[in-house]
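J.: Sequence plus the predicted model coming up.
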Amino acid sequence: MLSPLAFGGASSVLPELHRLVVESHHSMSDATFARLVALSQAAPGPNSLVFALVGWQVAGVAGALAATVAISGPSSLAIYFFMGFWEKIRGTRWQRIIQTGISPLAIGLVLASGCIITRGADNSWGTYGLTVATVVAVLNSRLNPLWLIGLGAVLGMTGAI
């Protein structure tokens, strides 16, 4: 069950989803998984769209529905009940402790997701170089990542990478 692990959003459980559908069950290739993640990120809407796409790829419409309910249901119920507790401890030392403890976990899970997607999408020195250049540009500038994604798409379509 991945939903309770989704600290940092749906993207934070992509490494485990990848492990399940690519490595354990062999339901799709690394490249297919990376394409589904890219499609879900390019489409408007929540990051959890990737689960519907993976479910659809594995088991059609029923798989898409089951995956969506599975990723959204448990965490939504947990948050609904947890918010009462969170409001009671608002501004207390325990609230700061919980936030401080969860932040590194969420960051680590999101970074692991990025590594998984990179492994599936990068298949040449050009794509590795583009990934490194994108990471450096995003970390050191205010450049909108969509411009870099567009550049990557153009380079890919022209065969430059």
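T.: Yep, it's here.

J.: what residues are up against Gly126?
T.: 155, 160-161 (C-beta atoms under 8 Å, 6 or more residues apart in numbering). All C-beta spots, glycine's among them, are computed from the backbone N, C-alpha and C.

J.: Among these, which one has the most neighbours?
T.: Tallying neighbours with other C-beta atoms under 10 Å puts Ile161 at the head of the contacts of Gly126, with 17 neighbours.

J.: Relative to Ala38, how far out is the closest residue to that residue other than its chain neighbours?
T.: Once flanking residues are discounted, Ile161 sits nearest to Gly126: 3.3 Å by C-beta to C-beta, 6 or more residues apart in numbering. Per C-beta to C-beta, to the nearest Å, Gly126 is found 17 Å from Ala38.

J.: name the helices or strands packed onto the helix or strand containing Phe81?
T.: Taking DSSP states H and E as the definition, Phe81 sits inside helix 49-88. Helix 49-88 is packed against helix 14-18, helix 30-42, with contacts defined by 3 or more C-beta pairs under 8 Å, 6 or more residues apart in numbering; DSSP states H and E.

J.: tell me which residues of the next helix or strand after it are tucked away?
T.: On the C-terminal side of helix 49-88, the closest following helix or strand by DSSP H and E is helix 93-121. Buried residues in helix 93-121, defined by neighbour count with 16 or more other C-beta atoms under 10 Å: 109-110, 112-113, 116-118, 120-121.

J.: I'd like those as JSON lines, with pLDDT appended.
T.: JSON lines is the format used below for the buried residues of helix 93-121 (pLDDT from 0 to 100):
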{"residue": "Leu109", "pLDDT": "77"}
{"residue": "Val110", "pLDDT": "76"}
{"residue": "Ala112", "pLDDT": "80"}
{"residue": "Ser113", "pLDDT": "76"}
{"residue": "Ile116", "pLDDT": "78"}
{"residue": "Ile117", "pLDDT": "77"}
{"residue": "Thr118", "pLDDT": "80"}
{"residue": "Gly120", "pLDDT": "75"}
{"residue": "Ala121", "pLDDT": "73"}
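
J.: Tell me the one of the residues you listed nearest Glu23?
T.: Comparing those against Glu23 with C-beta to C-beta places Ile116 closest, at 10.2 Å.

J.: residues in contact with the closest one?
T.: Ile116 makes contacts with 14-15, 18, 33, as judged by C-beta under 8 Å, 6+ apart.

J.: Find the pair from these with maximum spatial separation.
T.: With C-beta to C-beta as the measure, no two of the contacts of Ile116 lie farther apart than Pro15 and Phe33, at 10.8 Å.
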